[in-house]
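Chemist: task: produce atomic coordinates for the following.
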Amino acid sequence: MLQLDGFSVEQAAFMFCAAAVQSGLIDEEERAYCLNGVLDILQLSAPQEAASLLPLSRLGEFLVACAAEKGLCQDTEEARERFSVRLFGVVTPSPRAVREGFARLLAEKGSQSATQWLHQLGVNNEYIHTHRARENVSFISQKGLEVLISIYQKERDPKATHTRPRSAVGYPYCPLCRENVGYAGRQGYPARQNLRQVPITLGQESWYLQYSPSPAFSQHCVALRGQHSPHLMVAKSFDKMLDFVDQFPHWFIGANADLPVVGGFILSHAHLIGGKHVFPVEQADAWFAFDPGVPGVTGEALRWSITTLKLISKDRAPMMEALALLLARWRTHSDQSLGLVARTTVNHNALTPMLRKTAKGYVCYVALRNNYATPEHPLGLFHPHARHHHIKRENIGLLEAMGLFVLPGRLKQELQAVERFLQGQEDLNWDDPHREWAEGLQQGLPESLDAAGVTQYVRQAVGQVCEEALQDAGVYKQNAQGEQGLQVFLAGLKA
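Modeler: Got it, this is the predicted structure:
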């Protein structure tokens, strides 16, 4: 039988609930109730009292290992994860307790305290994978892009959103539905017994706030519509975003475009993405000023690889009007000289907005997007081109458009292999997707680099690929032709 630092599984079960009390997940009055639930899951008759300072996460890992040894769950990563979530679900406050606790803090101490409390709950009950996120790789490119290689990020085919139905079949309907709270999971679908949401109102509709289990930045959250309905960007979408920052002014809020390839991978459910982060795009210099066509709103085109506009307004109503006007104009704008096609049998133009509330008022960064495809670029003329797919083949979503590249976990080991290749320690297979790129890096490799220097060299090369991929996604390039084309479009806002 497995032991943890000399403790038995019966003792670990007792300590697990004691640690849950210590972390604030449950109170002392609830400990016996929760302990009985843990015993039931582990098929134990009784606990054994013990005391230790072992953290809740380590105790949970040990109990899962014991369950796998006893045959209570399959010894696979997916089955272990479901069993772990089931355990932590027992010591997670009820949805009602979480709603009431959040509402009380919101009324007494404000939104920042309430959201911090909800976040800490998600960390303590292992819903938010902060300790595993330490295995991620992150760095800053030479041009200031943030790059995150996430062990949770599985690479997906950009074309998948072309064929994915907007209303999925099954239960829950999709990963963003309210019905995920408390769901036990199944093969290929995650368990969510430790997920908690709180209700919010956006645009006079019922929405819910939850955190991302695999955060890309601090307090990475998702606002999702209570009713399962398609993710669409319409004028009223900006009303919801403005409602959000009015309620949570310490956070930004943003939205993926509502079209395949340039949008998110979940187009079947209306949602927004927010959190406590400042993006590289917010440090970008102005390219030129323009008139957004609404009094009380100023506009700048930014020196940023993907075409991005910055709107500022002290007041909410003018900002709402300016964003609605921009969306309406962009939906129908084409420019044959740039290959920009607004519509064929479907729409091709979309927006990727990110909004925050500052001392200056409302500030919104809006990326102009287009998903028109050509024979030469079948995934999209304004999508990362084929030469970059060994690093970035997926969509340029909200985060990437604003300067945070989330790359698939496969790259962690693959880039280590490239580093060994550059150091002459091993060869790359002839069909390795990185081989041509690595050979180019080899030619420019500075002499006398140690292992740490080679790692830094490869990371900066990855950052360069990300920068070029962002340039590919830019409708109006940062040159004279691009400036002229963008000026023509923006002049139409005043018409």
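Chemist: got the domain ranges for the protein?
Modeler: 9-91, 133-171+249-405+479-494 (automatic domain parsing).
Chemist: quick check: end-to-end length of the shortest one?
Modeler: For domain 9-91, the first-to-last residue distance is 17 Å (C-alpha to C-alpha, to the nearest Å).
Chemist: how far away from the center of its chain is that domain?
Modeler: Distance of domain 9-91 from its chain centroid, counting by C-alpha atoms, centre = their mean, to the nearest Å, is 29 Å.
Chemist: so for it, mean pLDDT?
Modeler: Domain 9-91 carries an average pLDDT of 96.
Chemist: chain neighbours aside, what residue packs nearest to Pro215?
Modeler: Setting aside the residues directly before and after it, Pro215 is nearest to Ile128 in space (C-beta to C-beta, 6 or more residues apart in numbering), at 6.3 Å. All C-beta spots, glycine's among them, are computed from the backbone N, C-alpha and C.
Chemist: can you report phi and psi for the closest residue to Gly453 other than its chain neighbours?
Modeler: Leaving aside its sequence neighbours, Gly453 sits nearest to Pro446 (C-beta to C-beta, 6+ apart; 7.6 Å). With angles defined as degrees, to the nearest 10, Pro446 sits at phi -60, psi 150.
Chemist: can you give me the neighbour number for Pro446?
Modeler: A count of nearby residues for Pro446, using other C-beta atoms under 10 Å, gives 8.
Chemist: my read: it touches Tyr457, true?
Modeler: Yes: between Pro446 and Tyr457 there is a contact under C-beta atoms under 8 Å: 7.2 Å.
Chemist: pick out the shakiest of the domains of the chain, pLDDT-wise.
Modeler: For these, mean pLDDT drops lowest on domain 133-171+249-405+479-494, to a mean of 92.
Chemist: ends of that domain, what's the gap?
Modeler: Domain 133-171+249-405+479-494: ends 47 Å apart by C-alpha to C-alpha.
Chemist: ok, stretch 371-389 next?
Modeler: Stretch 371-389 end-to-end distance (C-alpha to C-alpha) = 17 Å.
Chemist: pull the distance from it to the chain's centre.
Modeler: Here stretch 371-389 shows a centroid-to-chain-centroid distance of 23 Å under the convention C-alpha atoms, centre = their mean.
Chemist: may I see the buried residues of that stretch?
Modeler: For stretch 371-389, a neighbour-count test (16 or more other C-beta atoms under 10 Å) marks 371-373, 377, 379-385, 388-389 as buried.
Chemist: ok, and what's touching that stretch?
Modeler: Stretch 371-389 is contacted by residues 158-159, 257, 259-262, 339-341, 344, 348, 350, 369-370, 392-393, 395-396, 433, 465, 468-469, 472-475 when judged by C-beta atoms under 8 Å, 6 or more residues apart in numbering.
Chemist: rewinding a little: could the domains of the chain go into CSV alongside distance to Lys109?
Modeler: CSV is the format used below for the domains of the chain (distance: least, C-beta to C-beta, whole Å):
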stretch, distance to Lys109
domain 9-91, 16
domain 133-171+249-405+479-494, 12
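Chemist: who wins for proximity to Gln210 among those domains?
Modeler: domain 133-171+249-405+479-494 (10.0 Å; C-beta to C-beta).
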